[in-house]
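Colleague: curious how this folds, go ahead:
(3 chains)
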Amino acid sequence: MKIVVAYKWAPNPQDLEVRPDGTVDAGRAKPAVSEYDPVAFELARRLADATGGEVVGLTVGPAAIDTPLARKAALSRGLDRLVVVADDALVGADSTRLAVVLAAAVRGIGDVDVVLTGDSSIDVAEGQVPLTLAGHLGWLGLARVAAVEAADGGLVVERDLPAGVSVLHVAGPVVLAATADAVVPRVAGMKDILAAAKKPVEALALAALDVPAPGTALTTLATARPSQGERRRVVLEGPTAVADLVAALDLAGAR
Amino acid sequence: MDFGLTDEQELLLSSLDELLERECPESYVADLDLHHQPPTSFRKAMHEAGFMSLGFPEEYGGMPTDAVTLVLLAERVCRQGLNNGFGLELLQAMDILEFGSTEQKDEILGLLSNGEVPFALGFTEPGAGSDNSAMATTAVHHDGMVTFKGTKTLITNALQSKYLLLMARNPEVEDKRHAISMYLVPMDAPGLTTNQLDKILWHISDSCEIFLDDVTLPESCLVGVKGNGFKQLMRNFEFERLVISATCLGLAQCAFDDAASYAAQRVQFGRPIGDFQLIQLKLTDMAIKLENIRNFVYRTAWLLDQDLPLRSQGALCKRYAAMAAFEVADEAMQIFGGVGVTVGTRVSRLWRDLRGHRFGGGTDEIMVHIAGRQIVKDHA
Amino acid sequence: MNSNQSWVVVADEPAVTGLVTTARELAPQVVAVVVGSREAADAAARAADRVVWLGEPGQVPVEAYAAAVADVVAAAAPAAVVGATSPAARALLGAVAARLGAPVLSNVQQVEAAADGAVVTHAVLGGLVEHRTGVAGVPVLAVDAGAVPADGPAVTVEEAPATPFAGVTVTQVRPRERTGGDLGSARTVVAIGRGLRAEADLAIVTALTEALGGELACSRPLAEGVDWVSKDRYIGISGQRVSPDLYLAIGISGQLQHMVGVRGAGTVVAINSDKDAPVFAQCDYGIVGDLYDVVPALTAALGGGA
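Modeller: Purely as a prediction, here's the structure:
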């Protein structure tokens, strides 16, 4: 079974500085494998180990996502090899653009049975890319996957949905986005980190991929820092704090 | 001169960050401290993630690792506010790997791989601390057996350990340098009893008196060469001092971070106390001390990695790190004021635990004794 | 392009008013394409001007109709496409977006029709920033479906049975027991976070919740890290978003990913032992203190609990 883990090399938005005009300074933010993606790595590794398969990492984005550190960070998490599409034409790429490039790379890798992803990226946090990717591939795309196993020539997929747990049998190729707590991913140890440097990496040129032109263009007309809702920020301390709070809530008619 | 981290070090530290966040949050550490419990579950998780075998030779399932990386890890664990969280196991293993028999190696490495503390070091006695020549515990060899008699005290982690790495003296040997041998004694050996000592710091490690009342074992409990015990023990003292220095660095950094955030937040006279220059002076001097400790620790580790002679570098580093780190924690307490001494405030725990490092692993003063002699000798 | 029409894609949502309202901003006529039960199609028929029902999914997931939905929508060449934010709706929107080569914009606050498409105000980077974005082409929007079913006159549901992906079957469904009332409509929500040290200690928080007549919620780690609170009750960017009159954040540090979920709350109260917790900059009233002391005291002061 050939499994692709599509992941993002992304900064934590906690470290992004938003200027008063709503533009973002990423100077202090150190990118990493996006917070929920290690869950996908772990699911992929377990599925591959159970089926004698291969795990191929895949990430796309601006040129800066392809550094030796970034490669090793991904490869130390249980990948057999890595495919990277890094090009500054992808700076600020929207979800559909990223999905198109991912889809082209998945086709390039060839004979892929499953694409696994995390729940959502830590920075954009919308969970859209895997499902648009499925759309491009013309595959079934399922989010909120809590477990996946090989069975009966296909996969048994367990989904954790608001209404309850749903178990499916899937025969064809599929894109699966894991829940954030599907498994506890193992932590990369020194052996994994050292081994990562020796694993194969393939850098695909964006220009060489069959990527259709976007049908819709976006222009950012204005940016703004969202208002914090003008909260009062009254901080109470000491022995009268609780009584003060109750009085304040009563005064504000908040209870 | 390269002060940057390698990719591997950076990735290892971010792995450790993940593990610490998951397995060692402040609530966990505070709870261990409150209930005087060892960090067993954290140690086990560290072992499972492969951190505990770093620095061991490959033939024992380990991963040879440079000293700089090891001190970075020790510092990071302690920066979480956990005292003695990393590195001591390695020291213990090294003693046995270097001098132990095959059976002893297998036993100790097996315990380590289970996340357990294999042994406590039985060195200090009521009458013999820094002055090891005053050691009174005896080991009498007879008919393939050896019998121990004496009292050890302030033995760290004795209750958590399966063995005691016992230092004892052969009463028949006059020359004190050749009288002491090293033994691996099961804590449940008949005649061995313990008495736990109540103390005001290092709550996650127990401290005990150990009474050896004619404890008799087969001679195979000897570690290394008879009469070489002290020399064997000394072998890893330099590295131990380095690990303790890294521990002090991490704990002090934790105290500094707490104090600096508190200063930025605590409002008095209508503004954050961090706006006042007297507080800024404290924070600045604390930052300088941290920078000095950090450079001292990293460079000492680097010297070790280059196989350069350490001379008394370890003693100099340990003395400075323990004293400066405690000064940082003490100033952090001052910034916190009365809040700092209330139970549950992390800075009070850091202050307590750092105080212990000014004598644990060798007092500030004995470090002068070690380094001072060497300095004079070098210039004679 | 059919600039008179915008389409909503309905993934078995019982309520679609939010989708239709947004879609109507962008074109006078709203067509709904529904994958789901007959009831869902009927509900859509009370809000939209035209309803195309692709059929009851039965033993296949809604997502298996993604390509069929994309076919129908693309053939109509609408001015805009709107769908909900549920996983199934995002799968349908993803297929449509892929077919149209259009990005899906989420967290939409405002839309206006424009000559060549639309102007969309939306939060990006998890709510860190707001953008006003010009969309030249077909806007594809993921918005809140709304909670209230429409009650207008129904149009006829056009049945257009479609073929789902082959090879996928739902073999088992285990419904979740709902662990409380509706978070979305609660007037008071009490949320607990990592400050809680043990599951058993939840009792002090539920006592306060009862004293306030509110609903219990939590931050992400408590639902997904330790599983102390049911997963449908965590507040945040990828969980629930609530707008109660009163919101209490207890033992919650106030990370952006959580606070985005309560932006619409009336009064926000924070209880945290860490003075530096970011939550204190985002609350109306904060108490610095150990939740184990403050929460029982507050419960008592409100006349509840023991």
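Colleague: what residues does chain A put near chain B?
Modeller: Taking CB under 8 Å from any CB of the partner chain as the test, the list of chain A residues beside chain B reads A:32, A:68-69, A:72-73, A:76, A:184, A:186-194, A:196-197. All C-beta atoms are positioned from the backbone trio N, CA, C, and that covers glycine.
Colleague: so which of these belong to strands?
Modeller: Using DSSP state E, A:A32 are the members of those that sit in strands.
Colleague: now, of the residues of chain A next to chain B, which are buried?
Modeller: A:32, A:69, A:72-73, A:76, A:186-190, A:192-194, A:196 (16 or more other CB atoms under 10 Å in any protein chain shown).
Colleague: the worst-scoring helix or strand of chain C on mean pLDDT vs chain A: in contact?
Modeller: Sorted by mean pLDDT, DSSP states H and E, the helices and strands of chain C end with helix C:256-259, the least confident at a mean of 79. Yes - residues of helix C:256-259 contacting chain A under CB under 8 Å from any CB: C:256-257.
Colleague: now the next helix-or-strand element following that helix, how far from the centre of its chain.
Modeller: Later in the chain than helix C:256-259, the nearest helix or strand by DSSP states H and E is strand C:267-272. When distances are taken as CA atoms, centre = their mean, to the nearest Å, strand C:267-272 is centred 23 Å away from the chain's centroid.
Colleague: partner strands of strand C:267-272, with direction?
Modeller: For strand C:267-272, the pairing partners within the sheet under DSSP bridges are strand C:246-250 (parallel), strand C:285-288 (parallel).
Colleague: just the ones you listed: most buried one?
Modeller: By mean neighbour count, with neighbours taken as mean count of other CB atoms under 10 Å in any protein chain shown, strand C:246-250 ranks first of the strands paired with strand C:267-272 at a mean of 27.
Colleague: who's in contact with that one?
Modeller: Under the criterion CB atoms under 8 Å, 6 or more residues apart in numbering or on different chains, residues A:249, A:254-255, C:187-193, C:195-196, C:205, C:208, C:212, C:214, C:219, C:258, C:262, C:265-272, C:279, C:283, C:291, C:295 lie in contact with strand C:246-250.
Colleague: CA atoms only: put that strand into PDB for me.
Modeller: Taking Å, rounded to 0.1, in the frame of the first residue of the first chain, the C-alpha atoms of strand C:246-250 are listed here in PDB:
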ATOM      1  CA  LEU C 246     -22.200  35.300  29.900                       C
ATOM      2  CA  TYR C 247     -19.100  33.200  29.300                       C
ATOM      3  CA  LEU C 248     -16.800  32.000  32.100                       C
ATOM      4  CA  ALA C 249     -13.300  30.800  31.100                       C
ATOM      5  CA  ILE C 250     -11.900  28.800  34.000                       C
END
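Colleague: report the mean per-residue pLDDT for that strand.
Modeller: The predicted model assigns strand C:246-250 a mean pLDDT of 95.
Colleague: secondary structure element for C:A118?
Modeller: Under the criterion of DSSP H and E, C:A118 resides in strand C:117-124.
Colleague: show me where pLDDT drops low in chain A?
Modeller: Chain A contains residues with pLDDT under 70 at A:227-229.
Colleague: the helices in it, which residues?
Modeller: In chain A, the helices defined using DSSP state H lie at A:37-51, A:68-75, A:95-109, A:129-137, A:190-196, A:241-252.
Colleague: give me the neighbour count for residue 36.
Modeller: Chain wasn't specified; assuming chain A. Other residues lying near A:Y36 total 26 when counted by other CB atoms under 10 Å in any protein chain shown.
Colleague: switch to chain C, please.
Modeller: 22.
Colleague: list the buried residues of stretch C:288-303.
Modeller: C:288-289, C:291, C:294-299, C:302.
Colleague: equivalent analysis for stretch C:40-50, please.
Modeller: Buried residues in stretch C:40-50, defined by neighbour count with 16+ other CB under 10 Å: C:40-41, C:43-48, C:50.
Colleague: again, but for stretch B:355-365
Modeller: Residues of stretch B:355-365 classed as buried by neighbour count (16+ other CB under 10 Å): B:355-358, B:360-363.
Colleague: for stretch B:214-222, same thing?
Modeller: Taking 16+ other CB under 10 Å as the basis for neighbour counts, the residues of stretch B:214-222 that come out buried are B:215, B:217, B:221-222.
Colleague: out of those residues, which comes closest to chain C?
Modeller: Compare each of the buried residues of stretch B:214-222 with chain C using CB to the nearest CB and the shortest gap goes to B:V215, at 42.0 Å.
Colleague: tell me which element the closest one is part of?
Modeller: For B:V215, the enclosing helix or strand under DSSP H and E is strand B:207-218.
Colleague: tell me the first helix or strand C-terminal of that strand.
Modeller: Assignment by DSSP H and E places the next element after strand B:207-218 at strand B:222-223.
Colleague: which strands and helices lie in contact with that next one?
Modeller: Identification of packing neighbours for strand B:222-223 by 3 or more CB pairs under 8 Å, 6 or more residues apart in numbering or on different chains; DSSP states H and E yields helix B:88-99, strand B:180-186.
Colleague: thinking again about what came up before, so can I have JSON lines of the strands paired with strand C:267-272 showing distance to B:R271?
Modeller: Conversion of the strands paired with strand C:267-272 to JSON lines gives the following (distance: least, CB to CB, whole Å):
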{"stretch": "strand C:246-250", "distance to B:R271": "26"}
{"stretch": "strand C:285-288", "distance to B:R271": "18"}
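Colleague: quick one: closest of those to C:W228.
Modeller: strand C:246-250 (13.2 Å; CB to CB).
Colleague: setting aside sequence neighbours, what's the nearest residue to the closest residue to chain B within the stretch 1-150 of chain A?
Modeller: Scanning the stretch 1-150 of chain A for proximity to chain B using CB to the nearest CB identifies A:L69 as nearest, at 4.5 Å. If the residues on either side of it in the chain are set aside, A:L69 comes closest to B:D7, at 4.5 Å by CB to CB, 6 or more residues apart in numbering or on different chains.
Colleague: and B:D131, backbone torsions?
Modeller: Per-residue torsions, B:D131: phi -90, psi 90 (degrees, to the nearest 10).
Colleague: ok, it to B:G314 distance?
Modeller: As for B:D131, its distance to B:G314 is 20 Å (criterion: CB to CB, to the nearest Å).
Colleague: between the two, which one's more packed in?
Modeller: A direct count of neighbours by other CB under 10 Å for B:D131 and B:G314 places B:G314 higher, at 25 against 10.
Colleague: would you agree the more buried one is in contact with B:R299?
Modeller: No - between B:G314 and B:R299 there is no contact under CB atoms under 8 Å: 11.7 Å.
Colleague: now the strands for chain B?
Modeller: Listed in chain order (using DSSP E), the strands of chain B are B:117-122, B:138-142, B:145-156, B:161-169, B:180-186, B:192-197, B:207-218, B:222-223, B:267-268, B:271-272.
Colleague: mean pLDDT added to those strands, as a markdown table?
Modeller: Listed next are those as a markdown table, based on pLDDT from 0 to 100:
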| stretch | mean pLDDT |
| --- | --- |
| strand B:117-122 | 89 |
| strand B:138-142 | 95 |
| strand B:145-156 | 95 |
| strand B:161-169 | 95 |
| strand B:180-186 | 96 |
| strand B:192-197 | 95 |
| strand B:207-218 | 96 |
| strand B:222-223 | 96 |
| strand B:267-268 | 82 |
| strand B:271-272 | 86 |
